[in-house]
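1. for reference, the sequence and a predicted model appear below.
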Amino acid sequence: TASKPARELPSGLCIGDFSRPKTQSITTMPSAGITILIATLFFACAAFGGAFYVKGSKVEDKQLVQTMIITSCICLYIFYMCTFMSQMNPLRAPEIEHGDVFLKDS
């Protein structure tokens, strides 16, 4: 019987051809600097914008609320950067084993 030709997916996986497993290369993110700059500016604007907004309001404990807003923005920024930077250069690439992807006949 003749085998069907394999279809190539945008991710580089091959569906329908199980003669050899495909390997994926690990690449780094080229535009990481721009993303980090935008995230830094966003969280800095949120922290100082929130602090100045509270300064003009009629809240009793203005310093406490300002400290909470700035601390929250700093913690969110650190969490975002840890998550983002851990994806910049992953330790392992996804591995597709033989038989994981198959073409279902309709």
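-> Thanks, I have it. Every value quoted in this text rests on a predicted model; they were computed, and no experiment measured them.

2. so residue 54 makes contact with residue 64?
-> No - Residue 54 lies out of contact with residue 64 (C-beta atoms under 8 Å); the separation is 9.4 Å. Bear in mind the C-beta positions are built from the backbone N, C-alpha and C, glycine included.

3. between those two, who's got more neighbours?
-> residue 54 (19 against 11; other C-beta atoms under 10 Å).

4. can you give me the distance of that one to residue 78?
-> Relative to residue 78, residue 54 is positioned 22 Å away (C-beta to C-beta, to the nearest Å).

5. neighbours of residue 47, how many?
-> 19.

6. start the count at 51, not 1, going forward
-> Yes, from this point I'll number from 51; that puts the last item at residue 97.

7. touching, it and residue 125? I think so.
-> No - counting by C-beta under 8 Å, residue 97 sits too far from residue 125 to count as a contact (10.6 Å).

8. which neighbours do those two have in common?
-> By C-beta atoms under 8 Å, 6 or more residues apart in numbering, residue 97 and residue 125 have no common neighbours.
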